Each structure stands twice: as structure tokens, then as C-alpha cells.
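K.L.:
Sequence first, predicted coordinates after that:
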Number of protein chains: 2
Amino acid sequence: MMFSKSFGYALRGILYLGMSDEAKPWIQLDEIAQELAVPRHFLGKVMKKLVKDGVLNSQKGPYGGFCINENTLKTSLLKLMEITGEVEENGVCVLRLRKCNALNPCPMHHQIESLRRQWQALLASTFIGDLIRKDQPGFINSIAAI
Amino acid sequence: MMFSKSFGYALRGILYLGMSDEAKPWIQLDEIAQELAVPRHFLGKVMKKLVKDGVLNSQKGPYGGFCINENTLKTSLLKLMEITGEVEENGVCVLRLRKCNALNPCPMHHQIESLRRQWQALLASTFIGDLIRKDQPGFINSIAAI
DNA sequence: CATATAAAAGACAACATTGTCTTTTATTCG
DNA sequence: CGAATAAAAGACAATGTTGTCTTTTATATG
Ligand code: FES
Ligand code: FES
């Protein structure tokens, strides 16, 4: 019940772009990494993946950088987890014994089933757009570390 | 939402002992590892920790091995996670930004709060004894791989 | 006591994730 | 075109988890 670093960086990077002033079309990696206090090159790799999957746009060269596009706000957390590598193989037992299966359940299957369903539902039905609070002045602090 | 290998091995090892015939006082690592199809020496390290924390007993020498004790069945999954190293530091944000805090929440705090509470409650209130099904003949298969 | 046995302990390897650094590629602008 | 800029790409290091192998320690038995 904890996201990978990659996932956290991806989400925070996206939200930073989503919160940024539209007057500035492209935001550079340098700025994002500095504001979020995140390792620059590692964030770069994560952002690259997001661009490749069409969740963000990027532009090389002077005045280039990253920005959101028409897909960004419609992207689900589940999609984000797929992109950042939390494979979350379909229906795998929490003990990783096998495909999760109510007919041949592991000892924890029943206690955990409902929670897993809720978790999946949350990831699939929460979108980037749901997480942005442009009206809330302190929002940017909530994605910067400490 | 997935346990570490160490946790899985620990739980399955304990349950194997809990299911075993009481006529045989000590069960050897060799048998457990083979039956559960788990790496023997790695399991050994995990079992050692369980013994150190008083969740199991062990005995060196001929006819030695492992067995459950008066604490075993009363051990919670939360305790087991502590022992196997899923630190689960108290109230850490899912994005690992800071101590989790409703007053200064990260963007995901509200969506996730209820699930985390349920998860914690489940771990704290489920005990090894709750997971053993001595009456169920196929139980042993449910903790063996595949 | 000598021997055999099994856990405990420790050294080390394989692998995945995370992080750093350098080089390459594309783009803007003068 | 040439220089500057910024992402993309790739090589590599640090760290954590998982897995293997060998040596040490404790115990039972004859
Ligand atoms: S079989 Fe293990 S969680 Fe479903
Ligand atoms: S502040 Fe991030 S989950 Fe609570």
C-alpha cells in the first residue's frame, strides 16, 4: 500500500505541469526537478516514458521542455502505474502463489478480496484531472517534498 | 497491495508448522522448503527472525527443527510485517512526501485515506490462528506454490 | 567423548530499483 | 550555417531485496 518512487515522481511531475501558468508553454526539467526536490536525471527518464505513452508532450531545444496535452487530465492512476512499471499482473495472489482464485484461495484471499477490489476501482476511476486543485493556493506545496 | 517475498515465506512457513501433525515435535527446514517449493536458505533466514522474535521455537541438532509455540497463533499480520521488514513507518504518505497528514494532504490523501485505514485494521486484527483451517483437507495445497 | 545432525551465522552473487554522469539528437535563433 | 539549449539516450554506480553457498555452533545419541 505504497507507490514506487517512479510513480510518485511521475504523478508529481505531471501535477506540477498541470498547475503551471499557461502563459509559459514549455516547462524545463531543471525547474520541475528543483521545485519538487527530486533527482533530475531520474525524473527525466520517467518523464520520457510519459511522453512516449502520450500522457505529456515534450519539445527539444531552446525554450523547449514539457507540457500537458489533451490526454493528460484524462489519464487514470492505473494507466500511470502501468507506465511506471508497477506491473500489477492481472489478479495475482497477494502471496504470489498463483493467479488469484476464489476456488483455490490462499489463506489470505478472503480477508483481502474486498480491499483489493476497492483498490483496483480507485486506481481505475481516479484521473489526473481529479487530483488538481487550481483554486487551492497551497496546492503546489503539497507536491513539493516536506 | 502485495506482500514481500519474505512476508509470504514467513507466513507460509508458520502455517505449514501450524498444520503439521503434533506427533512430530520438530519439523526441519529441509522439509518445509521442499513442501512449499521455496529457496531453502532464504527461508532459513526468515525463520531465524521469527524465532528471535518469539513467534516460533527452534532446536538445533539431531531431530531438531522448528515448531509453533504459545505466541504463534496469537501473532498478528502487522507484527509479521514488522518482523519481515515491511517497515510500514507510522503514517507515511503514499507518495512518501512526508508524514501523512490530513491538514497538509498530498493530492491523493483523501482518495486513499479510507482504504489505508481498512488495510491497517485488517493487518492488526488478523492473527495467524485465523488463517489456519485444520478441518479443510486441501489447505496445505493452498500454501504450496502452484 | 566422538559423531552425526540441524539451526545459526556469515560471505557473497543475482537481480531490480533508484540515482548520477556523459554523449547524442533535435530545435531555436542570430 | 553555427552556437546555444534542452530533451533523449546510454553507460554506469549505489542500494535494497532475494537467493546460494560455506562455516560455525548447539544438541542428541551411542
Ligand atoms: S489466492 Fe491469494 S489473494 Fe487470492
Ligand atoms: S499526505 Fe499523502 S497519503 Fe496522506
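P.N.:
Received it, and whenever you're ready, just let me know what you need. Residues are numbered from 1 along each chain as shown, chains lettered A, B, ... in the order given. Ligands and ions are numbered 1, 2, ... in the order given.

K.L.:
Would you map the strands across chain A?
P.N.:
For chain A, applying DSSP state E gives strands covering A:56-59, A:65-68.

K.L.:
Identify the residues contacting the last one?
P.N.:
So that's strand A:65-68. Outside strand A:65-68, the residues that touch it by CB atoms under 8 Å, 6 or more residues apart in numbering or on different chains are A:13-14, A:17-18, A:25-29, A:31-32, A:47, A:51, A:56-59. Any C-beta I mention is one placed from the backbone N, CA and C, and that applies to glycine too.

K.L.:
Count the residues that sit near A:Ile83.
P.N.:
Using other CB atoms under 10 Å in any protein chain shown, A:Ile83 has 19 other residues around it.

K.L.:
pretty sure it contacts A:Asp53?
P.N.:
Yes: at 5.1 Å, A:Ile83 and A:Asp53 qualify as touching, with contact defined as CB atoms under 8 Å.

K.L.:
need the residues of chain A near DNA strand C, please.
P.N.:
Counting by CB under 7 Å from any atom of the strand, the residues of chain A close to DNA strand C are A:4-6, A:9, A:39-42, A:44-45, A:59-64, A:85.

K.L.:
about what we covered before: which one of the strands of chain A lies closest to A:Pro105?
P.N.:
If you check each of those against A:Pro105 by CB to CB, strand A:56-59 wins as the nearest, at 40.5 Å.

K.L.:
Just checking: what are the partner strands of the closest one?
P.N.:
Paired neighbours of strand A:56-59 in the sheet (DSSP bridges): strand A:65-68 (antiparallel).

K.L.:
In a markdown table: the strands of chain A, plus mean neighbour count and mean pLDDT.
P.N.:
Rendered in a markdown table, the data for these read as follows (neighbours: other CB atoms under 10 Å in any protein chain shown; pLDDT from 0 to 100):
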| stretch | mean neighbour count | mean pLDDT |
| --- | --- | --- |
| strand A:56-59 | 18 | 98 |
| strand A:65-68 | 22 | 97 |
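
K.L.:
could I get those as JSON lines with distance to A:Lys134?
P.N.:
Below are these laid out as JSON lines (distance: least, CB to CB, whole Å):
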{"stretch": "strand A:56-59", "distance to A:Lys134": "18"}
{"stretch": "strand A:65-68", "distance to A:Lys134": "13"}
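
K.L.:
Compare those strands and report which one is nearest to ligand 1.
P.N.:
Distance to ligand 1, taken as CB to the nearest ligand atom, is lowest for strand A:56-59 among the strands of chain A, at 34.7 Å.
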